[in-house]
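> Quick one, fold the following:
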Amino acid sequence: MSLIPSEAKKIEVEGATVDFFELAKDGVSDYYFDTSKTGPPHPMVNGMCGLKLIKNTKGKLIMINHKAPGGFFDKLDADVKHTVEDIEGGLVRVTFTSVDAGVDSDLDQASCRG
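Below you'll find the model as predicted:
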């Protein structure tokens with residue numbers, strides 16, 4: 001069973017190492033990717049790629065992962081909010097949103113270190 005909505009359409013995302021999907025509704029796009037079967041650096045690399053899609057929009061980025069990516073969260077500033085939800089199979093769904101906070105996260109820093 002896929003944790004990505006069946007009506008979402010596969011899209012190409014520059015720099016991504018997993019498939020991304022877009023679900024557009026009422027002029028707002030939400031983007032999905034699943035890194036639950038990968039290890040570092042894939043969650044962070046794809047998260048940074050995906051955040052570029054929602055920067056300064058009302059859209060959401062939804063990551064399916066095997067655990068909450070704390071190292072990834074540490075790289076984000078106040079302009080990116082996230083929530084973590086436990087889902088089936090021991091996985092997590094992390095939902096990211098872009099907010100106007102007067103700062104800009106460095107979305108090009110996709111290294112797992114420091």
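> Excluding sequence neighbours, find me the nearest residue to residue 100.
residue 79 (7.2 Å; CB to CB, 6 or more residues apart in numbering). Using the backbone N, CA and C atoms, a C-beta is placed for each residue, glycine as well.
> Hmm, residue 107 and the one you found touching each other?
No: using CB atoms under 8 Å, residue 79 is not in contact with residue 107, being 9.8 Å away.
> Overlap of the contact sets of the two?
Residues touching both residue 79 and residue 107 (CB atoms under 8 Å, 6 or more residues apart in numbering) are residue 55.
> Distance of the residue nearest to residue 100 relative to residue 57?
Look at residue 79 and residue 57: by CB to CB, to the nearest Å, they are 12 Å apart.
> Would you mind grabbing the residues shared as contacts by those two?
With CB under 8 Å, 6+ apart, residue 79 and residue 57 have common neighbours residue 98.
> All the strands of this protein, residue numbers only.
9-11, 20-25, 28-34, 60-65, 80-87, 91-98 (DSSP state E).
> more neighbours, residue 79 and residue 57?
residue 79 (18 against 12; other CB atoms under 10 Å).
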